[in-house]
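Engineer: here is my input, please return the structure:
(chains A and B)
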Amino acid sequence: MNKRERRRLRLGLAFTGLWIVGIGTFTAWPVIASLYYSFCDYSILKAPVWSGLENYRELIHDDLFWKSLRNTLFYAGLSVPLGTVVALSLALLLNCEVRGRSLFRLFFYLPSIVPMVASAMLWLWIFNGQFGLLNWALAPLLAPFGLHPPAWLVDPLWAKPALVIMSLWGVGNAMVIYLAGLQDVPRELYEAASIDGATGWRKFWHVTLPLLAPVIYFNLIMALISSLQIFTQAYIMSEAANGNGTVSDGNPARSTLFYTIYLFTVAFYDLRMGYASAMAYVLFLITVLLTWLATRAARSRLQHLN
Amino acid sequence: MNPHTRLGRFVIYALLVGLSLVFAMPFVWLVSTSLKPIDQTMSLPLTFIPRAYYAEIDGQQREVTLDFTVAQPGVVAEISAGPEAGHRVFLSDDQLARRSADVRVLHRVQPGWWHVTVRINSTRVVHPGEAADPGTAGPAPWDLVPRSSIDSHVRFRWRNYPEALATIGGDPGTPGSAAALNHVSFWVFLANSLTVCVLGVLGTVFSNSIVAYGFARLRWPGRDAFFAVTLATMMVPFPALMVPLYGIFKMLHMVGTLQPLWLPTFFGSAFNIFLMRQFFLTIPEELSEAARIDGCSEWRIFLRVILPLSKPVLVVAALFHFLFAWNDFLGPLLYLSRKQTFTLSLALQSYESQTGGVQWHYLMAASAVTILPVVVLFLFTQRFFVQGIATTGTKG
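Structural biologist: As a prediction, the model looks like this:
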């Protein structure tokens, strides 16, 4: 490295210095420390004591760990694809040349900026089995078939689907990204496709979708990562199902015990930080694994489309 | 569906309007509930517009609550003998036949008539037959009347808002009582939220613009590798970092204060660095070159050339962070335990768990107050928002 390069390096490091401290303190160190703690018996009050693979061994036999993992994957498996379909459909509708587009966009987008605590509160009320808005709307639709709407958040079978429905209300962010992607598709391509005799559906399949693929991929990954971390809404709703001010444990019947909720409980109520760190690492690995799988699938799909 | 045919356009508009209504309904429900008296939040059939009801009871027009309808024909009667003398009861025709001796029939009742109770203490539900006010003895007067004789007009209960804000920090109690000492004012929560938001916004704009300049406008060995690592950290889930982060702030004696919620913003964040770098890259290099030839240092170029041109992206980053900090729940839940330090989000959740989640009119009013600032902020800055979101998704 010559003198000029060294000067450049110094300047670069000076500008990025804050971030070097930031990434080191608030990301790199926690990632490394988590790994170390995950091999320890650690309760924040006392120094960690090495325990080898004990935490991981215990995880394998922990029913609640598996339950929380299954719950989380179930939620992600429903909310990510449904959210993608809803967000993309809304964006396609808005992309038609319609009057009042910005007003419609406002309606679809606004729910996504509502504070999660407030929207959890609101949906808790909407899902109320007796006086809730949703069952008021559903009851007359189901009545002709002799069916009754479920009690949603207090029914172990319906609590997770309820959270999925709530998540669909907040797809506005993804929708705006899709809309921007759609508007980047050159008009000439549609015109060329029309000349070739392509109609609506074929145009969508052969022109829109391939060009939108990178945007869809980006949104899918973001939705996946955030749905694996689902916490606030489930924490609030399960605490409400549980009754007054007790520890949130995924009621009813642990059907909303999600991964992060269990992790939080283990770490900050039981003070089993080592065990929680092992869980944290597993979550980290699952996120990386699923992202990698999605990337691989996207790549082969892209090649297929092109 | 072809948007150029008449039918196609009709279907598209119908879908857009219908879906807008679906997306707006929860907001309508929120506002509607927040303006109802509590008994109207829990009465069937559901109503959207809060009303005040009036009926004639004992010869007087009084404000009443609608309790339920009767299914059978019968009478309203007064018990004339025994320990319950003077009490008023509803008797079906069968019941009346069995005990006509000790009752005095007041009037007949047809199926479908409403049980109405005089509203005395309108802040809580008075169950039929229950003492209306703990202070006064005796049940609240009630009667059974036909629907057609009940008068009503629209009345919004705006008082829910001040009442919800007065109780969000716990029971205010009487001055000097234990409850009053534990009570925290809504304004404290608001100040806490604003502290975290404003300091966080300052930190975000300050640190990320400098760092992004280093990644976008300077060439130095290792830069691209470092940037790749920076992007990769976006994939690390926050829950995976919680335990060590808590440890760090505990070591710094910051647990229990607001500092862990804003301090890290002064050291950059991967997302904002990425956002600003993308913007800085679009500024023509010639501008920097010209300044360099004039003998400007990189700091001066950053401050005098790049920053003034980057207002849109700085606003976007500031808005995003404000929104994030205002809405954040897990962070405050992790670090804060004393009520005096709670942010509004955390206070709202603790309000819900304290009240057992039945006072929906108050909960909705408090939720509306939490939502309002972000909605107003958004309406005034929509343009920046939409641009910013689009940038993150399509230019990656």
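
Engineer: now the element after the helix or strand hosting residue B:78, going C-ward?
Structural biologist: Assessed by DSSP states H and E, residue B:78 sits inside strand B:74-79. Counting by DSSP H and E, the next helix or strand C-terminal to strand B:74-79 is strand B:88-92.

Engineer: which other helices and strands contact that next one?
Structural biologist: strand B:74-79, strand B:103-109, strand B:142-145 (3 or more C-beta pairs under 8 Å, 6 or more residues apart in numbering or on different chains; DSSP states H and E). In this view, the C-beta of every residue, glycine as well, is placed from N, C-alpha and C.

Engineer: just the C-alphas of it, formatted as PDB.
Structural biologist: Output of strand B:88-92 as PDB, limited to C-alpha atoms (Å, rounded to 0.1, in the frame of the first residue of the first chain):
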ATOM      1  CA  ARG B  88     -90.400  -3.600  40.200                       C
ATOM      2  CA  VAL B  89     -90.300  -6.900  38.200                       C
ATOM      3  CA  PHE B  90     -91.100  -8.200  34.800                       C
ATOM      4  CA  LEU B  91     -93.500 -11.200  34.800                       C
ATOM      5  CA  SER B  92     -94.300 -13.300  31.800                       C
END
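
Engineer: who does that strand pair up with?
Structural biologist: Sheet pairing of strand B:88-92 (DSSP bridges) gives strand B:74-79 (antiparallel).

Engineer: which of the residues in the strand it pairs with are buried?
Structural biologist: Across strand B:74-79, burial judged by 16 or more other C-beta atoms under 10 Å in any protein chain shown covers B:74-77, B:79.

Engineer: tell me the mean pLDDT over it?
Structural biologist: For strand B:74-79, mean pLDDT rounds to 84.

Engineer: name the residues that touch that strand?
Structural biologist: Residues outside strand B:74-79 that contact it (C-beta atoms under 8 Å, 6 or more residues apart in numbering or on different chains) are B:85-93, B:95-96, B:102-109, B:143-144.

Engineer: only the buried subset of those residues, as a PyMOL command please.
Structural biologist: Those of these that count as buried under 16+ other C-beta under 10 Å are selected in PyMOL with:
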select buried, chain B and resi 88+89+90+91+95+96+103+109+143+144
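
Engineer: show me what the helix or strand encompassing residue A:285 is packed up against.
Structural biologist: Element membership of residue A:285, judged by DSSP H and E, is helix A:273-305. Helix A:273-305 sits against helix A:29-37, strand A:40-41, helix A:54-60, helix A:209-228, helix A:259-268, helix B:238-251, with contacts defined as 3+ C-beta pairs under 8 Å, 6+ apart.

Engineer: dump the ones you listed to TSV, plus mean neighbour count and distance to residue B:231.
Structural biologist: Below are those laid out as TSV (neighbours: other C-beta atoms under 10 Å in any protein chain shown; distance: least, C-beta to C-beta, whole Å):
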stretch	mean neighbour count	distance to residue B:231
helix A:29-37	18	15
strand A:40-41	18	30
helix A:54-60	15	29
helix A:209-228	19	12
helix A:259-268	24	23
helix B:238-251	20	16
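
Engineer: where in the chain is pLDDT low?
Structural biologist: Let's take chain A. A:241-250, A:302-306 (pLDDT under 70).

Engineer: hmm, I had chain B in mind actually
Structural biologist: For chain B, the stretches with pLDDT under 70 are B:1-4, B:100, B:120-139, B:356-357, B:392-396.

Engineer: now do the SS call for the closest residue to residue A:208 other than its chain neighbours.
Structural biologist: Spatially, and ignoring its direct neighbours in sequence, residue A:208 is nearest to residue A:185 (6.2 Å; C-beta to C-beta, 6 or more residues apart in numbering or on different chains). Under DSSP: H, G, I helix; E, B strand; the rest coil, residue A:185 falls in the coil class.

Engineer: any idea how far the helix holding residue A:285 is from the chain center?
Structural biologist: Computed by C-alpha atoms, centre = their mean, to the nearest Å, the chain-centroid distance of helix A:273-305 equals 13 Å.

Engineer: that one to helix B:238-251, inter-axis angle?
Structural biologist: Inter-element angle recorded for helix A:273-305 and helix B:238-251: 140 degrees (by axes from the mean of the first three to the mean of the last three C-alpha atoms, to 10 degrees).

Engineer: now helix A:273-305: buried residues?
Structural biologist: Under the neighbour-count criterion of 16+ other C-beta under 10 Å, helix A:273-305 has A:273-284, A:286-287, A:290-291, A:298 buried.

Engineer: repeat for stretch B:296-303
Structural biologist: Buried positions in stretch B:296-303, judged by neighbour count with 16+ other C-beta under 10 Å: B:296, B:298, B:301-302.

Engineer: export the helices and strands packed on helix A:273-305 as a markdown table, with columns for distance to residue B:271.
Structural biologist: Below are the helices and strands packed on helix A:273-305 laid out as a markdown table (distance: least, C-beta to C-beta, whole Å):
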| stretch | distance to residue B:271 |
| --- | --- |
| helix A:29-37 | 17 |
| strand A:40-41 | 31 |
| helix A:54-60 | 31 |
| helix A:209-228 | 11 |
| helix A:259-268 | 20 |
| helix B:238-251 | 12 |
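
Engineer: can you check which of these gets nearest to residue A:180?
Structural biologist: Set against residue A:180 and scored by C-beta to C-beta, the helices and strands packed on helix A:273-305 come closest in helix A:209-228, at 7.9 Å.

Engineer: can you list the domains in chain B?
Structural biologist: Listed by automatic domain parsing, the domain ranges of chain B are B:39-154, B:182-394.

Engineer: just these: most buried one?
Structural biologist: domain B:182-394 (a mean of 19; mean count of other C-beta atoms under 10 Å in any protein chain shown).

Engineer: distance between it and the chain's centre?
Structural biologist: Averaging C-alpha positions (C-alpha atoms, centre = their mean) puts domain B:182-394 21 Å from its chain's average.

Engineer: before we move on, what about stretch A:203-212?
Structural biologist: Taking C-alpha atoms, centre = their mean, the mean C-alpha location of stretch A:203-212 is offset from the chain mean by 25 Å.

Engineer: okay, how far is it across it, tip to tip?
Structural biologist: One end of stretch A:203-212 to the other measures 12 Å (C-alpha to C-alpha, to the nearest Å).
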